[in-house]
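Novice: How does the following fold in three dimensions:
(2 chains)
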Amino acid sequence: MQSKIIQVAGLGFTIAYAAFIVWIYATEPRTFKEVTTSAQVTAGTYEINQEQFNSALNLFRREQFRAARDEWQRADPAQRDARTQFYIAYAFYREGWGRLYFDQELFKQGLEAINRAIALSPATPLMIDDPDLQMHTAAELKAELEQGLEHNWSDANPLKILRRRK
Amino acid sequence: MPQTNRSRNRALVDFVLLPFLFLTVALLGGLRIGDESRTFIFIAPPLVTLLLAVLSMLLFIRGGLLRLHQWVGGDLPPLTNVAHVWMFITIFFATAQAFNSVLPERGLLHWLFSFFFLWTLWNNQFSSFDARRLLRSLAILFGTAFILKHMLLASLYNPEGGWLKRVAGTLLQGVALDAPGFAPATGYIAFFTLALYVVGLIVLAFRQDLHDSHDSALVPPRCAITKTE
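Specialist: Prediction:
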């Protein structure tokens, strides 16, 4: 009888171990910290670091966009929080915005971040209630970033110098 | 009492130790450490390693290391059949990953190594083998591949270079030996993986010997269970 128990327990344990291996290869964590973060995401216990998020928000409001993005990336290492990804995209937008031209590289990265934010909140449209921002939805920000990446004849319009950053 | 202990120990080896060993090989076989970033890189087994694993499994069966007809059968309890099929699967993936750990990741050398492995395993299909000779042959095959990849090639791709790099550079002028560089820890991981794999195969061979010497007529795990049942 005890052999049977060992058999069942061994089978259960090794199947769980195999599932862990498949999960490791599917998520491809790069460090032990990423392993724990991915495990938290899978278990549904993942939370962003609120302190780092707030510190990033302060940097963002002081127009230190690059530093703000770094802080937000540290606050949300697994890139699983829609709100943080929205702010990262907004930081890319504000840093890349220019009166004469838009920084294409920053806008592209902004677009990637906003797409992540949209993918993370598929059920309800993402809405950020922040009075310091002029665009509150992910759709607005995405449209703005996409327009910045498009090239057409209106780019030659000299009145564009009067446009304002959102 | 000794009989009960024996059946318990057999069950532990068959259903816990061996699958755990082989799954650990499957985990570590694709693990590399980035040269500059020092981060984990997980490389899933390439298709060719699955083919090599199939050929190896055929060799294991021919060499008597795996006795499929004793492991799975209509007269065995369903759970025992499932456990044995599961062990078979773990050995298959461990073999694929053991090859993965000694194959260069890409480029001409990847195909050269794959070709030589295929050639050796294909030739072995037509040789007469017993479990011990098969084990020796596999240990030498993996040992040679390990030395070639993790010692000679690693030295070849060392950014600081050496006499080997200069000689190879002269001999293979114009031939692109594209291969990614990894941290030295990768070699240690590969060594541990291969050692674990060979140990797993040795335990498997000893397990067969034990079963044969104790009870040649009965199938080992079934024997263990029927005795306790």
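
Novice: B:T193 touches B:L28, doesn't it?
Specialist: Yes. In terms of C-beta atoms under 8 Å, B:T193 counts as a neighbour of B:L28; the distance is 4.3 Å. Backbone N, C-alpha and C define where each C-beta goes, glycine included.

Novice: Now the common contact residues for those two.
Specialist: Taking C-beta atoms under 8 Å, 6 or more residues apart in numbering or on different chains as the contact criterion, the residues that touch both B:T193 and B:L28 are B:Q97, B:S101.

Novice: Could I get the contacting residues of A:T31?
Specialist: With contact set as C-beta under 8 Å, 6+ apart, A:T31 has these partners: B:T39, B:F40.

Novice: If we use 10 Å, what do you get?
Specialist: A:T31 sits next to A:T37, A:P77, B:S37, B:R38, B:T39, B:F40 when contact means C-beta atoms under 10 Å, 6 or more residues apart in numbering or on different chains.

Novice: Quick one: buried ones out of those residues?
Specialist: Neighbour counting by 16 or more other C-beta atoms under 10 Å in any protein chain shown classes A:T37, A:P77, B:F40 among the contacts of A:T31 as buried.

Novice: Give me the distance between the first one and A:D81.
Specialist: What that stands for is A:T37. A:T37 sits 12 Å away from A:D81, taking C-beta to C-beta, to the nearest Å as the criterion.

Novice: shared neighbours of those two, which are they?
Specialist: Common neighbours of A:T37 and A:D81, counting by C-beta under 10 Å, 6+ apart, are A:Y46.

Novice: between the contacts of A:T31, which is nearest A:R163?
Specialist: Nearest to A:R163, judged by C-beta to C-beta, of these is A:P77 at 35.4 Å.

Novice: so that closest one sits in a strand?
Specialist: No. A:P77 sits outside any strand when classified using DSSP: H, G, I helix; E, B strand; the rest coil, being coil.

Novice: now the helix or strand hosting A:Q109, how far from the centre of its chain.
Specialist: When secondary structure is defined by DSSP states H and E, A:Q109 falls within helix A:104-120. With C-alpha atoms, centre = their mean, to the nearest Å as the basis, the distance from the averaged C-alpha position of helix A:104-120 to the chain average is 8 Å.

Novice: thinking again about what came up before, which one among the buried ones among the contacts of A:T31 gets closest to B:F93?
Specialist: For B:F93, the closest of these turns out to be B:F40, at 18.8 Å, with distances computed as C-beta to C-beta.

Novice: Could you count how many residues lie near the closest residue to that closest one other than its chain neighbours?
Specialist: Spatially, and ignoring its direct neighbours in sequence, B:F40 is nearest to A:R30 (5.3 Å; C-beta to C-beta, 6 or more residues apart in numbering or on different chains). Burial of A:R30 is recorded as 14 neighbouring residues (other C-beta atoms under 10 Å in any protein chain shown).

Novice: Check the secondary structure at A:R30 for me.
Specialist: Assigned by three-state DSSP, the conformation of A:R30 is coil.

Novice: Buried ones in the biggest helix by length in chain A, by neighbour count?
Specialist: Taking DSSP state H as the assignment, the helix of chain A that covers the most residues is helix A:2-27. Under the neighbour-count criterion of 16+ other C-beta under 10 Å, helix A:2-27 has A:3-4, A:6-7, A:10-11, A:14, A:17-18, A:21, A:24-25, A:27 buried.

Novice: For chain B, tell me which of those show up nearby.
Specialist: Contacts with chain B within those, counted by C-beta under 10 Å from any C-beta of the partner chain: A:3-4, A:6-7, A:10-11, A:14, A:17-18, A:21, A:24-25, A:27.

Novice: a markdown table for those residues, including distance to B:F92 and pLDDT?
Specialist: As requested, those are exported to a markdown table (distance: C-beta to C-beta, whole Å; pLDDT from 0 to 100):
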| residue | distance to B:F92 | pLDDT |
| --- | --- | --- |
| A:S3 | 25 | 78 |
| A:K4 | 25 | 84 |
| A:I6 | 23 | 87 |
| A:Q7 | 20 | 87 |
| A:G10 | 18 | 90 |
| A:L11 | 17 | 91 |
| A:T14 | 14 | 94 |
| A:Y17 | 16 | 95 |
| A:A18 | 12 | 96 |
| A:I21 | 14 | 95 |
| A:I24 | 18 | 92 |
| A:Y25 | 16 | 93 |
| A:T27 | 23 | 87 |
